[in-house]
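A.B. asks: need a structure here:
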Amino acid sequence: HWYINNLEILSIALGNTGRLDDAIPMAREVAAQRARLYGEISNQNGYGLYSLANLLGRAGQRLEAMALLRQCLQIQRQLD
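C.D. replies: Numbering: from 1, shown residues only. Predicted coordinates:
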């Protein structure tokens, strides 16, 4: 799982430096791998989706970002 964690750190760093076109595909990969490794209903999956939504929102892709944030809320409700 170190690969996924490092990929997430890199995607966040790229996003923070404005390289959203590079960061978003990495964040998509992180989210997909977290869902596969930990299951759809997990804190890890929710966090991966949240990170991706954050980058998408900053890139102006607000509709997709909002859909992912709704999915994060649904996951949290099921975990609570």
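
A.B. asks: Which residue ranges of this protein form helices?
C.D. replies: 2-16, 20-38, 43-58, 62-79 (DSSP state H).

A.B. asks: most packed of the ones you listed?
C.D. replies: helix 43-58 (a mean of 20; mean count of other Cβ atoms under 10 Å). From N, CA and C alone the C-beta is placed, and that goes for glycine too.

A.B. asks: Report the mean confidence score over that helix.
C.D. replies: Helix 43-58 carries an average pLDDT of 96.

A.B. asks: which residues touch it?
C.D. replies: 8, 11-12, 15, 20, 23-24, 27-28, 30-31, 33-35, 37-39, 62, 64-66, 68-69, 71-72, 75-76, 79 (Cβ atoms under 8 Å, 6 or more residues apart in numbering).

A.B. asks: That one vs helix 62-79, what angle?
C.D. replies: 160 degrees (axes from the mean of the first three to the mean of the last three Cα atoms, to 10 degrees).
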